[in-house]
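Undergrad: only the shape, not the letters, is given here:
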């Protein structure tokens with residue numbers, strides 16, 4: 001019988017695979033980003049944010065960012081050590097696809113990959129910063145070339161069947177036909193390269209559509225799917241020690257500390273009702289990845305976090321950045 005042994009949450013922002021001088025390069029693209037939403041969830045331009053009255057000049061100084069980079073590194077080392085100590089046979093990664101494997105031609109609300117090998121996509125000609133930044137980020141995400149990620153197909157099939165029996169209409173895919181055009185993205189490559197560096201275990205990728213309208217699951221639905229996932233794991237007759245990882249979040253591309261604090265407090269206390277009530281208006285663009293955390297929280301229903309580290313990064317005076325979070329259930 002499979003046993004749920006550990007739950008982890010990790011941001012996978014470019015900030016966790018690059019150093020602070022490169023964080024400043026990433027900030028350049030914030031000035032023209034179409035994905036900026038203020039603390040109330042309303043769309044804003046960079047100029048509108050800069051005129052809002054609050055300045056983050058001190059927070060975005062390189063010296064401060066370097067201190068935060070040390071916090072991030074310590075948290076990632078702790079997650080990596082905790083995962084190794086739990087001795088998982090398989091790592092289930094709950095992440096979101098950002099037009100890497102899927103696109104607007106087909107975007108399931110939730111899908112599980114049940115193939116033997118997941119092949120990663122590459123950034124190819126896509127650019128969000130300098131060529132040096134793209135090189136480092138691509139390597140950190142295993143998207144510098146087409147890597148093959150070993151998967152647990154047998155266990156994935158049981159999870160699909162378990163979710164279907166729980167009346168979760170989950171999508172399913174088993175092949176990556178051409179990674180030049182479609183392949184697995186950063187939500188999975190980062191976890192494999194960084195958190196799983198010291199273990200030999202296959203993965204089961206779960207793709208949750210956090211990002212793209214019109215079929216993003218509600219927070220309550222994410223939590224319910226997490227509970228069903230835990231039940232499917234525990235019902236499996238396969239001998240597996242199972243780790244589940246939430247990949248992504250928290251708020252971005254405007255750092256929203258009130259939202260992140262609300263989410264983390266609910267996770268710390270195991271407050272399902274509070275997680276259900278997170279307004280969808282606040283879960284836009286990158287902040288939508290909070291849904292991945294809510295789904296994993298459902299898998300560990302009413303179990304509070306055992307530890308969490310939060311690093312609110314402001315990379316411009318206008319408050320653009322990311323709320324980096326790392327945690328263990």
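TA: Cool, got the structure. Model, not experiment: these values are computed from the prediction.
Undergrad: use CA for all of it now, contacts and neighbours both
TA: Fine.
Undergrad: point out where this protein drops to low pLDDT.
TA: Where the chain drops to pLDDT under 70, the residues are 125.
Undergrad: hey, where'd the strands end up in it?
TA: Taking DSSP state E as the criterion, the chain contains strands spanning 3-10, 90-95, 110-113, 117-119, 148-150, 171-173, 203-208, 241-247, 252-254, 307-314, 320-328.
Undergrad: would you format those as CSV with mean neighbour count and distance to residue 265 included?
TA: Below are those laid out as CSV (neighbours: other C-alpha atoms under 10 Å; distance: least, C-alpha to C-alpha, whole Å):
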stretch, mean neighbour count, distance to residue 265
strand 3-10, 22, 14
strand 90-95, 25, 21
strand 110-113, 22, 26
strand 117-119, 23, 35
strand 148-150, 17, 34
strand 171-173, 15, 32
strand 203-208, 27, 23
strand 241-247, 25, 17
strand 252-254, 27, 18
strand 307-314, 20, 10
strand 320-328, 25, 12
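Undergrad: not counting sequence-adjacent ones, nearest residue to residue 238?
TA: Sequence neighbours aside, residue 1 is the residue nearest to residue 238 in space, at 5.2 Å (criterion: C-alpha to C-alpha, 6 or more residues apart in numbering).
Undergrad: tell me the contacts of the residue nearest to the spatial centre of the chain?
TA: With distances taken as C-alpha atoms, centre = their mean, the residue of the chain nearest its centroid is residue 248 (1.9 Å). Neighbouring residues of residue 248 by C-alpha atoms under 8 Å, 6 or more residues apart in numbering: 9, 10, 11, 12, 13, 95, 96, 187, 289, 290, 292, 293.
Undergrad: can you turn the buried part of those into a ChimeraX selection?
TA: Selection of buried members from the contacts of residue 248 for ChimeraX, criterion 16 or more other C-alpha atoms under 10 Å:
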select :9,10,11,12,13,95,96,187,289,290,292,293
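Undergrad: tally of neighbours for residue 145?
TA: Residue 145: 17 surrounding residues under other C-alpha atoms under 10 Å.
Undergrad: so how far is residue 146 from the residue nearest to residue 238?
TA: 34 Å (C-alpha to C-alpha, to the nearest Å).
Undergrad: looking at those two, which is more packed in?
TA: Neighbour totals were compared for residue 1 and residue 146, and residue 146 leads with 17 against 11 (other C-alpha under 10 Å).
Undergrad: and the nearest residue to that one once chain neighbours are set aside, what does it touch?
TA: Spatial nearest neighbour of residue 146, excluding adjacent residues (C-alpha to C-alpha, 6+ apart): residue 120 at 4.9 Å. Listed by C-alpha under 8 Å, 6+ apart, the contact set of residue 120 reads 142, 143, 145, 146, 147, 148, 149, 179, 183, 184, 185, 189.
Undergrad: of those, which is the nearest to residue 103?
TA: Closest approach to residue 103 among the contacts of residue 120 (C-alpha to C-alpha): residue 183, at 10.8 Å.
Undergrad: what sits against the closest one?
TA: For residue 183, the contacting residues are 100, 101, 118, 119, 120, 121, 122, 176, by C-alpha under 8 Å, 6+ apart.
Undergrad: quick one, phi psi at the residue lying closest to it once chain neighbours are set aside?
TA: Nearest residue to residue 183, sequence neighbours excluded (C-alpha to C-alpha, 6+ apart): residue 121, at 4.0 Å. Main-chain torsions, residue 121, degrees, to the nearest 10: phi -80, psi 180.
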